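Participant: predicted model and sequence follow; I will ask about them next.
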Amino acid sequence: MPPATLADLHDSLRDCRQCRLADGRTQVVFGDGNPDASVMFVGEAPGFHEDRQGVPFVGAAGNLLTELLTSAGLARQDVYIANVVKCRPPENRNPAPEEVEACKPFLLEQIRLIKPRLVCSLGNFATQTLLGSKVGVSKVHGQQFQLADFLLFPLFHPAAGLHQNALLPILREDFQKLKQLLEQMAATPPPAPAINPVQMDLF
Ligand code: URA
């Protein structure tokens, strides 16, 4: 049976050994923030500080993310932040395809339980995983993609903004686009939830 709550899902993953990243981690970095958030951010994988503290985006990239959130009128505690891969890859290498595949169902389950209206993918791994495409984030950042259950808004990864000077102004600009998108969304009520087939039988 799928977990009923985010806390149940978290508990079920504390001893996860679905892939080899379990061998090197200090702990599973499940996610952080408001479990009822309407906006969710998805990064790549925990780094050194995240692995130690058990919280996503607490290192340098996390500090920049917090600043960018503020620029878009968002507070960290109001959104939900998670990663595609929940355990730190050794030496912060890229997650391997089989590690992404092993962890993807848990990300999708988090999204199912949180039910955000908007998901912002940070960088290539999150964008490709959620879009189901090999497209690079440089081609799609700052654009909107209506998926079955949420609107996807890809953004460059904050770490890319820290390491490539030219990307930082683009990242800041995209967070201003995000601010406008949030204002538009606030003015539009979310679509009514679909009536499920059991209820429909009653009519
Ligand atoms: N980079 C990520 O993608 N996730 C984190 O949690 C930290 C850095």
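Facilitator: Yes, it's here.

Participant: tell me what the longest helix that the chain contains is packed against?
Facilitator: Assignment by DSSP state H gives helix 167-187 as the longest helix of the chain. Helix 167-187 makes packing contacts with helix 60-71, strand 118-121, helix 158-163 when contacts are defined by 3 or more C-beta pairs under 8 Å, 6 or more residues apart in numbering; DSSP states H and E. Heads up, the C-betas are built off the backbone N, CA and C, glycines and all.

Participant: quick check, Gly59 in contact with His49.
Facilitator: Yes. Between Gly59 and His49 there is a contact under C-beta atoms under 8 Å: 4.0 Å.

Participant: more crowded one of these two?
Facilitator: Gly59 (21 against 16; other C-beta atoms under 10 Å).

Participant: ok, now which ones touch the more buried one?
Facilitator: Gly47, Phe48, His49, Glu50 (C-beta atoms under 8 Å, 6 or more residues apart in numbering).

Participant: look up how far Pro158 lies from it.
Facilitator: 10 Å (C-beta to C-beta, to the nearest Å).

Participant: by neighbours, which of the contacts of Gly59 wins?
Facilitator: Most crowded among the contacts of Gly59, counting by other C-beta under 10 Å, is Glu50 at 25 neighbours.

Participant: next up, the contacts around that one.
Facilitator: Applying C-beta under 8 Å, 6+ apart, the residues near Glu50 are Val29, Pro56, Phe57, Val58, Gly59, Gly62, Asn83, Arg88.

Participant: partner residues bridging whichever residue of the chain sits closest to the ligand?
Facilitator: Nearest residue of the chain to the ligand (C-beta to the nearest ligand atom) works out as Gly43 at 2.9 Å. Beta bridges link Gly43 to Asn83, judged by DSSP bridges.

Participant: what about it, how many residues nearby?
Facilitator: Residues near Gly43, counting by other C-beta under 10 Å: 27.

Participant: tell me the pLDDT of it.
Facilitator: As summarised for this prediction, Gly43 has a pLDDT of 98.

Participant: over to Met200?
Facilitator: 41.

Participant: next one: Ile170
Facilitator: Per the predicted model, pLDDT is 98 at Ile170.

Participant: again, but for the one 3 residues further on
Facilitator: According to the prediction, Glu173 has pLDDT 98.

Participant: wait, it touches Leu155, no?
Facilitator: No. Assessed by C-beta under 8 Å, Glu173 is found out of contact with Leu155, at 10.3 Å.

Participant: okay, and the common contacts of those two?
Facilitator: Common neighbours of Glu173 and Leu155 (C-beta under 8 Å, 6+ apart) are Gly142.
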